[in-house]
Structures are given as structure tokens and as C-alpha cells.
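Asker: compute the structure for the input listed below.
(2 chains)
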Amino acid sequence: MTDQYKISLAAGDTSFPCEEGDTLLRASLRQGLGLAYECNVGACGSCKFDLLEGEVADLFPEAPGLRPKEREKGKRLACQCVPLSNCTIKIRSGPEYVSTIRPARINARCSSRLAVTPDMAIFSFATDLPTEFLAGQYAMLSIPGVGQTRAYSMSNLPNQDGNWEFIIRRVPEGKVSSFLFDTLEVGDEISIDGPYGIAYLRQDAPRRIVGIAGGSGLAPVLSIMRASAGLPNTHGMPVMLFGGRTPRDIPDVAKLMEGSGAGIVFNPIISAPDADAATAWTGDTGFVHEFIESRLAGPLADNEYYLAGPPPMIESVVRLLVSDHKVPANQIHFDRFF
Amino acid sequence: MAFLPLCTTDEIEAGASLRVEPDNLPPLAIFNLDGEYFVINDTCSHGDASLCDGEIEDGEVECPWHNAKFCIKTGKALTFPAVEAQKTYLTRVVDGKVGIEV
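Answerer: Numbers count the residues shown, from 1 in each chain, chains lettered A, B, ... in the order given. Below is the predicted model of the structure:
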């Protein structure tokens, strides 16, 4: 049996157990607490905390989520710290961070791989327990022997069969994605820890669903589009804007949506029309945010937005929606991996 | 327009800030930049953080939660995730008191 440490929160009398080797953040979320976070990989800085008592090991001391100045002041990231003793920490929390479905670690076997573009594929994994998550969430995948963990969003829907699907992009020089594409075989085991993330489908939001994605941001937005089949369609058909570089980077979303029962409007946009002259492209050309006004009929504040993709895309979209169109920030959902 | 005093000049050291909660106004952040005083809304336009808990450097204040930077003089949002400016107030010093015109 592994050791367990008691982690106390400075505010109030809350405490939670943390298994040896688990991060402070994930352990707290497993216990139903709402410690502030977004990315879980040390990039966003949302889970910064002060260590008031005790000792921790920092798994990623150079994580970009903290400024050097913050580190000098003793700030740490809860997603990258594992306790070495009982601890007292001071950290922000809120009900919006509480996991409806408490994250857990499970073993999974690769069951199939299907290419969706030249550098993206759907990886499917089978587990022995029902698959529970909210559309739009992600999980942490770790591969035995590789010693690295990555966050990937689920592209399918929760199911009783124990199937998890992720759309993963091959990152040049990326240790985990290279392993998944080049070494992992059907039947091989990995570990899935999830679900995590706060950019999930708000089922009761009384507005049209708009998904805006680029690259492997396809996965969570596809899951949300699929989940829209279960909602009343009274606010208009969901719309998905997807940005790729060339025509070859545009997935066959109509085919991916088959069997979901959801009807959506799919609007692909490419940014580099000349890069692949072999494929004729007659659709929109430019950056995704440039087509939001023209492709979404009606006031932009009448929609609920789900964003996933490259940081510059997310930033441009949020700027347009919030600054120019006064869309309330609480109608725009994304997990900041930057 | 009337002058509303918020604090005395010696309550805030150069390079520091002070949070005040006047009646009928949102919480305000008063900054002393080398003897010049500026007042902007204290609550970050992106979340609920108090900018008075943030680092001040080169005339900018950095939100303690998500590191969005704002220009203290103009209130402009300089870095993501903030995209909206902080409201600024016409600030004056009268008889050793820092205040705003409201």
C-alpha cells in the first residue's frame, strides 16, 4: 500500500488525502474539491499555490505557467507538485472547478487507430469500466516507460462499453505523440487519468451551440457536437467552425458525425490555400476568427461558445467576441493550455 | 463632477497600490507610480482577482491569478487572457489627499 499524506487548505478546515506520487491538484479533484485549474500540464498557471507547511517535490520546475518572479516568491503549481509529507497550502478554489465526475486512473488497451488527416488520428482505447466524462473534457494519458504525460481531449461520448477515443496530432519531436504513432500497437496498455477540464458542454445553456476548433482541438468540439443530439434544438442548429492549414488538414466531419444523430452546420476554413495545389479548395480562406461574424447569423451574444485549438486562434476569437461583440465571458468555454 | 478623496498620499509608497471600497463604486485600485497617482477598477476584467495583489512593474500591473497585464495609466489590457480594459478614473491630489472626480 502506498503512503498517503494529509493536505490541508489554509482557508477553512478542509483537508484531503493525497496518495504518494499523485499531484496535489489531481488528488484534490478526486476528492471532489474545486481547486482552481485549467490545463493540468504546467502551462496555464491557474493552480498556483503557496506552501505554508510541509514538503513537496516539483515534477516540472521550469513549467511555463509560473513567472521567474513568482517562483522567487515561493509560488508553485499544484498540477506539478507531489507531497513528500503532510502539507498546508494556500490556493484559490471555486465551485466551477469541482468535478461532476471524479477523475480516476484506469488501465486501457489500444483497440484501434484511424487516420483523420495526414497528421491526426483517432486513437481508441478499451477499458473494463463504463466511460464517464462530460463532452469537451480531457484526460491525462501516460505511457509505461515513456515517463511523460499528456492531456488529450475525448472525441467520443460517455458510454457503458468502456471506450475512450482521442484525436491526437503528431507533434514533430513530441515524445508522447511519436510513441503513439510509431510504437504503440493494438492491444498495448497505457494509463488514462480523467476526466478533467472545465470547457464542457453546458447542457442547460439556453443558446445555440457554436464550436470553434483548430488542429487537434477537433476532439473536444466534435464530442460537444455529438452530444448536442441529446439536447432540444430550440436555439438553432449547432455550428462548428474548423480551421486547418491546407485542404488536407480538414477532416471529414460529416462522416465523423454519422450515427451521432446530431445535425450540425460544418464550416471549414483553411489558411494556406497554395500549400496543396492538388486539391481544389472553393471554401473559406483565412483565419477562423475572420469568419465568425459572416458565418454566424444573428447577434454573437446569443450563442454559447466552445473553443479548442492553437493559442493564437483562441486569443483572436476571444478578443473578437468579448471586445468587439460584448459576448459575456461566461458564455465562452475553453481550457487554456498556454 | 465632484472630488472624492480616497486616501492620503503617504498611505501608498512609490511602486505600490492600495485597494479601497468607496460607496456606490466598484472596488478601486490606487497606484503610486513615482509620485504620480492613478486609479482604476481593482477587479480584473477577466476574472474576480484583485489587481492590488498583483506585481507592479514598468507602469503595468499583472493580475495575480492569470498574469494578464494592464497599463496602469490607461487601463488597457496588454496581455491575454484579459481582453477588456480596466475602467480608469480622473485622479487628482488635493491637500495631500488622493481622489477621483466622480
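
Asker: in which helix or strand would I find B:Gln86?
Answerer: Assignment of secondary structure by DSSP states H and E places B:Gln86 within no helix or strand.

Asker: identify the residues contacting the nearest residue to A:Gly197 once chain neighbours are set aside.
Answerer: Nearest-residue entry for A:Gly197: A:Gln137, 4.2 Å, with adjacent residues in sequence omitted and distances by C-beta to C-beta, 6 or more residues apart in numbering or on different chains. Yep, even glycine has a C-beta here, placed from its N, CA and C like the rest. Taking C-beta atoms under 8 Å, 6 or more residues apart in numbering or on different chains as the contact definition, A:Gln137 lies against A:153-154, A:194-197, A:199-200, A:220.

Asker: let's see that with 6 Å instead.
Answerer: A:Gln137 sits next to A:195, A:197, A:200 when contact means C-beta atoms under 6 Å, 6 or more residues apart in numbering or on different chains.

Asker: for it, give me phi and psi.
Answerer: Per-residue torsions, A:Gln137: phi -80, psi 170 (degrees, to the nearest 10).

Asker: A:Ala78: neighbouring residues, count only.
Answerer: Number of residues near A:Ala78 (other C-beta atoms under 10 Å in any protein chain shown) recorded here: 26.

Asker: quick check, it in contact with A:Leu24.
Answerer: Yes - at 4.3 Å, A:Ala78 and A:Leu24 qualify as touching, with contact defined as C-beta atoms under 6 Å.

Asker: correct me if wrong: A:Met313 contacts A:Gly214.
Answerer: Yes - assessed by C-beta under 6 Å, A:Met313 is found in contact with A:Gly214 at 4.7 Å.

Asker: please identify which of those two sits among more neighbours.
Answerer: When neighbours are counted by other C-beta under 10 Å, A:Met313 and A:Gly214 differ, and A:Gly214 comes out ahead with 26 against 21.

Asker: in the least confident helix or strand in chain B by mean pLDDT, what's buried?
Answerer: Averaged element by element with mean pLDDT, DSSP states H and E, chain B has its least confident helix or strand at strand B:55-57 (a mean of 94). Residues of strand B:55-57 classed as buried by neighbour count (16 or more other C-beta atoms under 10 Å in any protein chain shown): B:55-56.

Asker: one more: stretch A:252-268?
Answerer: Judged by neighbour count using 16+ other C-beta under 10 Å, the buried positions of stretch A:252-268 are A:253, A:256-257, A:260, A:262, A:264, A:266-268.

Asker: so, low pLDDT: which residues of chain A?
Answerer: In the predicted model, chain A carries pLDDT under 70 at residues A:1-2, A:275-277, A:279.

Asker: can you give me the neighbour number for residue 20?
Answerer: I'll assume chain A. Neighbour count of A:Glu20, defined by other C-beta under 10 Å: 12.

Asker: please refer instead to chain B.
Answerer: The local packing count at B:Val20 equals 16, with neighbours defined by other C-beta under 10 Å.

Asker: pretty sure it contacts B:Thr8?
Answerer: No - taking contacts as C-beta under 6 Å, B:Val20 lies outside contact range of B:Thr8: 11.6 Å.

Asker: got the contact list for A:Met225?
Answerer: A:211, A:238, A:240, A:262, A:264.

Asker: try 8 Å this time
Answerer: Applying C-beta under 8 Å, 6+ apart to A:Met225 gives the contacts A:209, A:211, A:238, A:240, A:253, A:257, A:260, A:262, A:264.

Asker: and the gap between the third one and A:Leu222?
Answerer: Taken as C-beta to C-beta, to the nearest Å, the spacing of A:Pro238 relative to A:Leu222 amounts to 11 Å.
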